[in-house]
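*Asks:* Here you go, sequence then predicted model.
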Amino acid sequence: MTRRRQRRTLKPLPGGRVEYKGRSFINFCSNDYLGLAQDERIVQALKEAADEYGVGSGASQLITGYSEAHEQLEQQLADFTGYDRALFFSNGYMANLGVITALADRHTSLYLDRLAHASLIDATRLSRARYQRYAHNSVADLMARLADDQQQRRLVVSEGVFSMEGDRAPLIDIAQCCQQQKALFYLDDAHGFGVLGEQGRGSRSAQGLDTDAVPLQMATFGKALGVSGAFVAGSHELIETILQRSRTLTYSTAPPPALARATATALTIVIAEQWRRDKLEALVQYWRRVAHEQELPLLESDTAIQPLLIGADADALAVSESLMEHGLLVSAIRPPTVPEGEARLRITLTSAHEQADIDRLVQALAASL
Ligand code: PMP
């Protein structure tokens, strides 16, 4: 019997730790990859902007909810990513819903990776596009499906880094395939933005692609930037279409202006502090070396997402519970989030961790598995 999921009431502590029921745990479940969620400078920016703007935006962006703080953030994002224009959404889920329903309808063929994130699947269903799911990261499969399809309007959607696997998509090949087949490529870079590429520009930059190769990309601010919200960036034309048609923008209150300001500060820090990405990368390499020595069931990933494949749901839960006794928080991910029989421990590393934290994790895993 599957157990009911439960929320834990946590309080953040410094050093990649959280307090739970009065005890400190090392948190290996957070997507706060660069350790910025409690950063004093971002907190200060939020406070100062709240003094200026108050809390709520009061209306949707197209009514009166759009402020200079939102506009400046969008400009900063466009400049940083190299696209004409960027659009601010309240979160990544809403961005995916808004973008895909704006661009796809029943006259569109949509192609999704087999392991696409739930928000992309929900968005696709809502759009009523005809859709197919190609084999994970298989450009050959994608190509064969596209070549077989006469539909004029085609949209291909991939993540830059897959949220439950940690592996990277072959963006160069996907982009080439899309250009050849005249399909629009939409990249969800939730887990790459801020972490990968030059100054954290993300998966596209890490694979040396220009904006023409990836005409539309989104990312969330809830992960590497340590804040909340999301953006999509693209050409003037595409962004204007999304702004006009996205129901998640039109019919939803704009995010607080103070949050836009805090996000702008977070982005400035992400760009400037390369040491955070360097430290994270060094920790990932260290973890893979020691985990490999202990013959832990690693997946092929060189990103901050380092899942261990366990198999049975009950086993993954049991290991997660046993790790808690060692003061370590590691989430067990079960179906339907991952395929049946592929329950796993989703370990995420952040630049707030130290090598000693990883040593503790590896020792406890070696004892629990
Ligand atoms: N896309 C992917 C690939 C994600 O992993 C997530 C977050 N789990 C989202 C979109 C949604 O982003 P947000 O948390 O900002 O809603």
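*Replies:* Okay, I see it.

*Asks:* so what's the residue in the chain that the ligand sits nearest to up against?
*Replies:* Proximity of the chain to the ligand (C-beta to the nearest ligand atom) peaks at Gly92, 2.2 Å away. C-beta: built from backbone N, CA, C; applies to glycine. Residues near Gly92 by C-beta atoms under 8 Å, 6 or more residues apart in numbering: 119, 188, 190, 218-220, 222, 230.

*Asks:* How about it: what's its closest non-neighbour residue?
*Replies:* Ranked by C-beta to C-beta, 6 or more residues apart in numbering and with sequence neighbours excluded, the top spatial neighbour of Gly92 is Thr220, at 3.4 Å.

*Asks:* What residues does the stretch 201-350 of the chain have near the ligand?
*Replies:* 220, 222, 230 (C-beta under 6 Å from any ligand atom).

*Asks:* The first one bridge partners, please.
*Replies:* Beta bridges link Thr220 to Ala230 when assigned by DSSP bridges.

*Asks:* residues in contact with it?
*Replies:* Taking C-beta under 8 Å, 6+ apart, one finds 91-92, 95, 190, 193, 229-230 in contact with Thr220.

*Asks:* neighbour-wise, which of these leads?
*Replies:* Phe193 (34 neighbours; other C-beta atoms under 10 Å).

*Asks:* pLDDT at that one, what is it?
*Replies:* Turning to Phe193, the model gives it a pLDDT of 98.

*Asks:* Could you grab the helix/strand/coil label for it?
*Replies:* coil (DSSP: H, G, I helix; E, B strand; the rest coil).

*Asks:* So what sits opposite the residue lying closest to Leu299 once chain neighbours are set aside in the bridge?
*Replies:* Leaving aside its chain neighbours, Leu299 sits nearest to Pro307 (5.1 Å; criterion: C-beta to C-beta, 6+ apart). Beta bridges link Pro307 to Arg346 when assigned by DSSP bridges.

*Asks:* For this protein, which residues score under the pLDDT cut-off?
*Replies:* 1-3 (pLDDT under 70).

*Asks:* Please list the residues of the stretch 1-150 of the chain that sit near the ligand.
*Replies:* 91-93, 96, 117, 119.

*Asks:* Just those residues: which are in helices?
*Replies:* Among these, the residues falling in helices (DSSP state H) are 92-93, 96, 119.

*Asks:* domain assignment for the chain?
*Replies:* Partitioning the chain according to automatic domain parsing yields domains covering residues 10-34+274-368, 40-272.

*Asks:* Which stretches in the stretch 101-250 of the chain count as strands?
*Replies:* 108-113, 130-134, 153-159, 184-188, 216-220, 230-234 (DSSP state E, counting those that start in this stretch).

*Asks:* Distance to Glu293 added to those strands, as JSON lines?
*Replies:* Below are these laid out as JSON lines (distance: least, C-beta to C-beta, whole Å):
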{"stretch": "strand 108-113", "distance to Glu293": "32"}
{"stretch": "strand 130-134", "distance to Glu293": "36"}
{"stretch": "strand 153-159", "distance to Glu293": "30"}
{"stretch": "strand 184-188", "distance to Glu293": "34"}
{"stretch": "strand 216-220", "distance to Glu293": "34"}
{"stretch": "strand 230-234", "distance to Glu293": "38"}
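
*Asks:* Grab the nearest non-local neighbour of the residue sitting nearest the centre point of the chain.
*Replies:* The residue lying closest to the centre of the chain (C-alpha atoms, centre = their mean) is Ala190, at 2.2 Å. Excluding the flanking residues, the one nearest Ala190 by C-beta to C-beta, 6+ apart is Thr220, at 4.7 Å.

*Asks:* same check, this time on Gln152
*Replies:* Looking at Gln152 with C-beta to C-beta, 6+ apart, the closest residue is His107, at 7.8 Å.

*Asks:* The one you found: what's it in contact with?
*Replies:* By C-beta under 8 Å, 6+ apart, the neighbours of His107 are 151-153.

*Asks:* same question, Arg8
*Replies:* Tyr20.

*Asks:* Other residues contacting stretch 191-203?
*Replies:* 31, 33-34, 80-82, 159-163, 166, 168-169, 171, 187, 189, 204-206, 217, 219-220, 223-225, 270-271, 274, 277, 280, 303-305.

*Asks:* residue ranges of the helices in the stretch 1-150 of the chain, please?
*Replies:* 40-53, 68-81, 92-103, 118-127, 139-147 (DSSP state H, counting those that start in this stretch).

*Asks:* Point out the most buried one among these.
*Replies:* helix 92-103 (a mean of 25; mean count of other C-beta atoms under 10 Å).

*Asks:* How many neighbouring residues does Ile310 have?
*Replies:* Neighbour tally, Ile310, other C-beta under 10 Å: 23.

*Asks:* helix/strand/coil for it?
*Replies:* Applying three-state DSSP: Ile310 is strand.

*Asks:* Please name the nearest non-neighbouring residue to it.
*Replies:* Here the residue nearest Ile310, using C-beta to C-beta, 6+ apart, is Ala316, at 4.2 Å.

*Asks:* Give the full set of residues in contact with the one you found.
*Replies:* 310, 332-334, 343-345.

*Asks:* Helix or strand: which one has it?
*Replies:* Element membership for Ala316 (DSSP states H and E) is helix 313-325.

*Asks:* Using CSV, list the CA coordinates for the lengthiest helix in the chain.
*Replies:* Longest helix in the chain, counting residues (DSSP H): helix 274-293. The C-alpha coordinates for helix 274-293 follow below in CSV (Å, rounded to 0.1, in the frame of the first residue of the first chain):
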residue,chain,number,x,y,z
GLN,A,274,31.3,32.3,-9.6
TRP,A,275,32.8,30.7,-6.5
ARG,A,276,29.3,29.3,-5.6
ARG,A,277,29.2,27.4,-8.9
ASP,A,278,32.8,26.3,-8.6
LYS,A,279,32.2,25.0,-5.1
LEU,A,280,29.1,23.1,-6.1
GLU,A,281,30.9,21.5,-9.0
ALA,A,282,33.7,20.4,-6.7
LEU,A,283,31.2,18.9,-4.2
VAL,A,284,29.5,17.0,-7.0
GLN,A,285,32.8,15.5,-8.1
TYR,A,286,33.7,14.7,-4.6
TRP,A,287,30.4,13.0,-3.9
ARG,A,288,30.6,10.9,-7.1
ARG,A,289,34.1,9.7,-6.3
VAL,A,290,33.3,8.6,-2.7
ALA,A,291,29.8,7.3,-3.6
HIS,A,292,31.4,5.3,-6.4
GLU,A,293,34.0,3.9,-4.0
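
*Asks:* Brilliant, that's me finished.
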